[in-house]
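S.K.: Here is the input, now give the coordinates:
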Amino acid sequence: MTKLEVLKRYFGHDGFRPGQEELIDSVLGGRDVLGIMPTGAGKSVCYQVPAMLMDGVAVVVSPLISLMKDQVGALRENGIPCAYVNSSLDYRELKETYERAAAGEYKIIYAAPERLCTADFLRFSEIVKISMVTVDEAHCVSQWGQDFRPGYLKIAEYIKSLSYRPPIGAFTATATEEVRRDIIKLLELKEPKVAVTGFDRKNLYFEVKRPKAKDKLNQLVYFLGGRGRGKSGIVYAISRKTVESVCDELCERGFAATRYHAGLSPEERRRNQDDFLYDRKTVMVATNAFGMGIDKSNVSFVVHYNMPKNIESYYQEAGRAGRDGSPSDCLLLYAPGDVRTNKFLIDNTDENEELSDEEREFIRERDYERLRQMTFYATTDDCLRGFILKYFGESAGSECGNCSNCLEGFETRDVTEPARMILSCVMRMMRRGTSYGRTTVADVLAGSQNEKITDRGLDTLTTYGIMKDHKKKDILRIIDFMLEKGYLSVKGEKYGVLAPCRKAAPLLRGEETLTMRMPKPKPKEEPRRKKPSAAEIDEGLMGELKALRLELAKAQSVPAYVIFTDASLREMCAAMPETLAEFSDIPGVGAAKLNRYGAVFVDLISQYKNRKKPRM
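M.R.: Presented below is the predicted three-dimensional model:
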């Protein structure tokens with residue numbers, strides 16, 4: 001078979017996505033590869049297709065048991081012979097898996113990184129021919145990445161233990177230039193073909209809301225009862241306590257929610273995860289311990305109840321929405337308290353004992369800088385998609401047309417005078433030998449009479465109340481803009497007080513002006529977002545197709561999306577195939593699924609069309 005024949009037969013697609021073919025050709029030519037491809041871009045095809053064409057067994061290193069099970073289950077549905085070896089198997093099951101692989105029954109074996117250098121896996125690797133070694137979630141090898149896994153450092157040792165060197169492939173969704181260099185170095189890739197397909201996920205709608213901390217739950221409920229109604233999605237929270245409280249509140253309000261965090265027993269985590277995967281529960285409330293191993297294609301939204309520590313984590317977690325290409329929502333509910341909580345986490349994270357004091361300090365400063373960038377994202381009035389793309393080194397236009405900042409309505413205003421007032425207030429505070437954070441500065445400028453202001457004598461400053469005609473939230477918005485653009489900085493790790501930067505001097509002297517985008521007065525109703533264009537579908541047929549999919553999934557004890565993704569069902573609605581030949585043209589319908597499910601789906605579609613025909 002050719003690579004295109006493999007793609008069509010096993011995956012049901014007629015052509016490759018950007019970046020896939022060049023990586024596949026490189027692996028087939030014996031060359032190492034590094035693929036940086038966003039979630040949903042088809043990274044797995046880049047090693048699954050060559051694995052089917054090469055002699056021997058491909059070893060895929062995967063970080064989580066749940067991820068292996070999902071991928072192996074999906075591949076078997078596509079007719080690809082594969083298996084996994086990890087701690088969930090007993091000795092008899094492991095022995096049988098190794099024997100069947102040695103007999104040529106499998107083309108792909110998934111393994112945890114900690115398994116590679118065990119005696120039984122090393123023996124297996126000498127018995128069979130290893131066609132290639134693929135490292136999934138490759139950013140886990142780098143201590144500068146957001147999900148460092150010490151076990152990944154064993155991969156290079158495993159490869160060296162082989163009597164020959166197969167081609168090595170490394171794949172990840174998010175990696176800065178620094179992490180890319182680390183992946184190449186630590187995995188000892190030799191002149192790899194590097195393909196970066198771009199970080200833009202056009203089907204994702206990015207939105208930031210800035211409710212007060214006490215109003216976050218109501219904002220979440222409003223979203224779940226509106227755009228998220230009846231859909232499957234994830235709500236990320238920063239702590240176990242928050243996960244518990246949010247999940248309890250959602251259940252009390254009638255939402256089908258469950259929870260996931262490291263404090264639960266393994267049995268409950270597994271049960272709750274399965275409830276979500278099999279759509280028995282539509283909302284998963286979780287810490288960041290959940291998600292890396294979840295290959296669920298019908299996640300329609302990801303809500304961050306708290307701001308994450310860095311953009312890498314945020315984009316990876318948000319990217320779990322819309323894996324099948326469907327329009328999906330990524331909502332961040334930001335409150336200033338999230339910054340303080342994240343600073344605490346950075347300062348109190350378990351340290352790697354192998355690091356020197358200098359390295360620890362470097363990592364801490366790096367994490368502080370990443371947190372600043374994440375905060376800028378949460379407070380910027382620029383295009384949210386553009387902000388993310390620029391962070392990862394890509395060019396972006398001024399507007400994307402599919403984020404809240406681009407759609408909610410902004411106007412450019414001259415904020416030179418308000419900015420000077422803010423700088424003057426900060427400097428007068430410093431002349432008294434004291435400094436304060438953004439909230440206190442805003443309170444002084446707005447003329448607040450709360451006890452914190454009066455007890456400290458801040459109401460005697462000449463700048464007290466000089467912006468009382470401004471709303472406090474607008475003063476804070478201008479302060480955040482000045483922080484993002486480098487006119488102000490935050491000093492001090494514990495309290496985060498404001499200080500002017502050198503860039504502020506020309507502004508104070510009247511040598512330059514400052515403009516920023518400010519929101520226009522909004523109508524009471526929520527702004528409607530534009531959705532990427534999609535073919536019109538028959539909702540009645542879609543419902544019947546989903547019901548049939550669910551029935552088949554229950555019979556085989558697999559998640560519904562493993563049978564067909566929502567994207568494939570929408571294509572069926574649009575094309576309405578009435579023959580197996582027509583059904584085989586639907587994206588996602590490979591030979592195995594055509595033989596297994598084609599007849600029942602075609603029969604349902606034909607019956608539906610007959611019922612819909614107008615009576616004469």
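
S.K.: Do you have the helices of the stretch 51-200 of the chain handy? List them.
M.R.: Taking DSSP state H, counting those that start in this stretch, the helices of the stretch 51-200 of the chain run over residues 65-77, 91-102, 119-127, 155-161, 177-186.

S.K.: can you tell which of those helices is closest to residue 262?
M.R.: Nearest of those to residue 262, taken as Cβ to Cβ: helix 65-77 at 14.0 Å. For every residue, glycine as well, the C-beta is placed using N, CA and C.

S.K.: Mind listing residues that contact that closest one?
M.R.: The list of residues contacting helix 65-77 from outside it, by Cβ atoms under 8 Å, 6 or more residues apart in numbering, reads 44, 48, 60, 62, 82-84, 86-88, 108, 110-112, 136, 273, 277, 292-296, 558-559, 562-563, 592-593, 596.

S.K.: before we move on, back to that, want to throw the helices of the stretch 51-200 of the chain into CSV with distance to residue 418?
M.R.: Formatted as CSV, these follow (distance: least, Cβ to Cβ, whole Å):
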stretch, distance to residue 418
helix 65-77, 50
helix 91-102, 67
helix 119-127, 64
helix 155-161, 54
helix 177-186, 37
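
S.K.: which of those sits most buried?
M.R.: The highest average neighbour count among the helices of the stretch 51-200 of the chain, using mean count of other Cβ atoms under 10 Å, belongs to helix 65-77 at a mean of 20.

S.K.: Quick one: mean pLDDT over that helix.
M.R.: Summarised as a single mean, pLDDT over helix 65-77 is 85.

S.K.: Could you do stretch 225-244 as well?
M.R.: Mean pLDDT, computed over stretch 225-244, is 94.

S.K.: Distance across it, terminal residue to terminal residue?
M.R.: Terminal residues of stretch 225-244 lie 20 Å apart, using Cα to Cα, to the nearest Å.

S.K.: do stretch 53-66 as well
M.R.: The first and last residues of stretch 53-66 sit 26 Å apart, counting by Cα to Cα.

S.K.: Quick check: buried residues in that stretch?
M.R.: When burial is assessed from 16 or more other Cβ atoms under 10 Å, stretch 53-66 yields the following buried residues: 53, 54, 57, 58, 59, 60, 61, 62, 63, 64, 65, 66.

S.K.: if I look at the second one, how far off is residue 362?
M.R.: What it means is residue 54. Applying Cβ to Cβ, to the nearest Å, one obtains 41 Å for the distance of residue 54 from residue 362.

S.K.: what do you get for the fifth one?
M.R.: Look at residue 59 and residue 362: by Cβ to Cβ, they are 34 Å apart.

S.K.: for the third one, same thing?
M.R.: Here residue 57 is placed at a distance of 40 Å from residue 362 (Cβ to Cβ).

S.K.: again, but for residue 306
M.R.: Counting by Cβ to Cβ, the gap between residue 306 and residue 362 amounts to 26 Å.

S.K.: So for those two, which residue has more residues nearby?
M.R.: Legend: neighbour count by other Cβ atoms under 10 Å for residue 306 and residue 362, higher for residue 306 (22 against 13).

S.K.: for the protein, which spans come out with low pLDDT?
M.R.: For the chain, applying pLDDT under 70 flags the ranges 144-147, 292-293, 350-355, 492-495, 521-536, 614-616.

S.K.: what residues go with each domain of it?
M.R.: Domain assignment for the chain, taken from automatic domain parsing, gives 3-196, 204-408, 411-519, 539-612.

S.K.: So what's the gap between the third one and the chain middle?
M.R.: So the one you mean is domain 411-519. Between the mean C-alpha point of domain 411-519 and the mean C-alpha point of its chain there is a distance of 34 Å (Cα atoms, centre = their mean, to the nearest Å).

S.K.: before we move on, what about the first one?
M.R.: Taking Cα atoms, centre = their mean, one finds domain 3-196 lying 21 Å from the centre of the chain it belongs to.

S.K.: Check stretch 320-337 too.
M.R.: Computed by Cα atoms, centre = their mean, the chain-centroid distance of stretch 320-337 equals 8 Å.

S.K.: What separates the first and last residues of it, distance-wise?
M.R.: Across its full length, stretch 320-337 reaches 25 Å end to end, with Cα to Cα as the criterion.

S.K.: before we move on, what about stretch 130-139?
M.R.: End residues of stretch 130-139 are separated by 23 Å (Cα to Cα).

S.K.: Distance of the closest residue to residue 590 other than its chain neighbours relative to residue 505?
M.R.: Of all residues beyond its chain neighbours, the one nearest residue 590 is residue 12 (4.0 Å), with distances taken as Cβ to Cβ, 6 or more residues apart in numbering. The gap separating residue 12 from residue 505 is 62 Å, by Cβ to Cβ.

S.K.: Neighbour count for those two, which is higher?
M.R.: residue 12 (21 against 13).

S.K.: Report the contact partners of the more buried one.
M.R.: With Cβ under 8 Å, 6+ apart as the criterion, the residues that contact residue 12 are 568, 584, 586, 587, 588, 589, 590, 593, 594.

S.K.: one more time with 6 Å, if that's ok
M.R.: For residue 12, the contact set (Cβ atoms under 6 Å, 6 or more residues apart in numbering) comprises 588, 589, 590.

S.K.: are any of those residues buried, and which?
M.R.: When the contacts of residue 12 are checked for burial by 16+ other Cβ under 10 Å, the buried set is 588, 589, 590.

S.K.: you'd agree residue 9 is up against residue 591?
M.R.: Yes: with contact defined as Cβ atoms under 6 Å, residue 9 counts as touching residue 591 (4.6 Å).

S.K.: hey, where'd the helices end up in the stretch 201-350 of the chain?
M.R.: Listed in chain order (using DSSP H, counting those that start in this stretch), the helices of the stretch 201-350 of the chain are 216-225, 240-252, 266-277, 311-318, 337-347.

S.K.: buried set for the second one?
M.R.: So that's helix 240-252. Burial within helix 240-252, assessed by neighbour count using 16+ other Cβ under 10 Å, is assigned to 240, 242, 243, 244, 246, 247, 249, 250, 251.

S.K.: For it, give me every contacting residue.
M.R.: Where contact means Cβ under 6 Å, 6+ apart, the residues beyond helix 240-252 that reach it are 217, 237, 257, 259, 261, 263, 285, 287.

S.K.: Measure how buried the fourth one is and give me the count.
M.R.: It stands for residue 259. Neighbourhood size, residue 259 [other Cβ under 10 Å]: 27.

S.K.: if we can go back for a sec, show me which of the buried residues of helix 240-252 is closest to residue 437.
M.R.: Taking Cβ to Cβ as the measure, residue 437 lies nearest residue 242 of the buried residues of helix 240-252, at 22.9 Å.

S.K.: mind checking how far the closest one is from residue 429?
M.R.: For residue 242, the distance to residue 429 under the criterion Cβ to Cβ works out to 33 Å.

S.K.: residues near residue 469, how many?
M.R.: Taking other Cβ under 10 Å as the neighbour definition, residue 469 ends up with a count of 8.

S.K.: and it, that's in a strand?
M.R.: No: the assignment for residue 469 by DSSP: H, G, I helix; E, B strand; the rest coil gives coil, which leaves it out of any strand.

S.K.: tell me the contacts of it?
M.R.: Residue 469 makes no contacts at all, as judged by Cβ under 6 Å, 6+ apart.

S.K.: and what of residue 412?
M.R.: Counting by Cβ under 6 Å, 6+ apart, residue 412 makes contact with 515, 517.

S.K.: quick one: it and residue 519, what's the gap?
M.R.: With Cβ to Cβ as the criterion, residue 412 and residue 519 are 12 Å apart.
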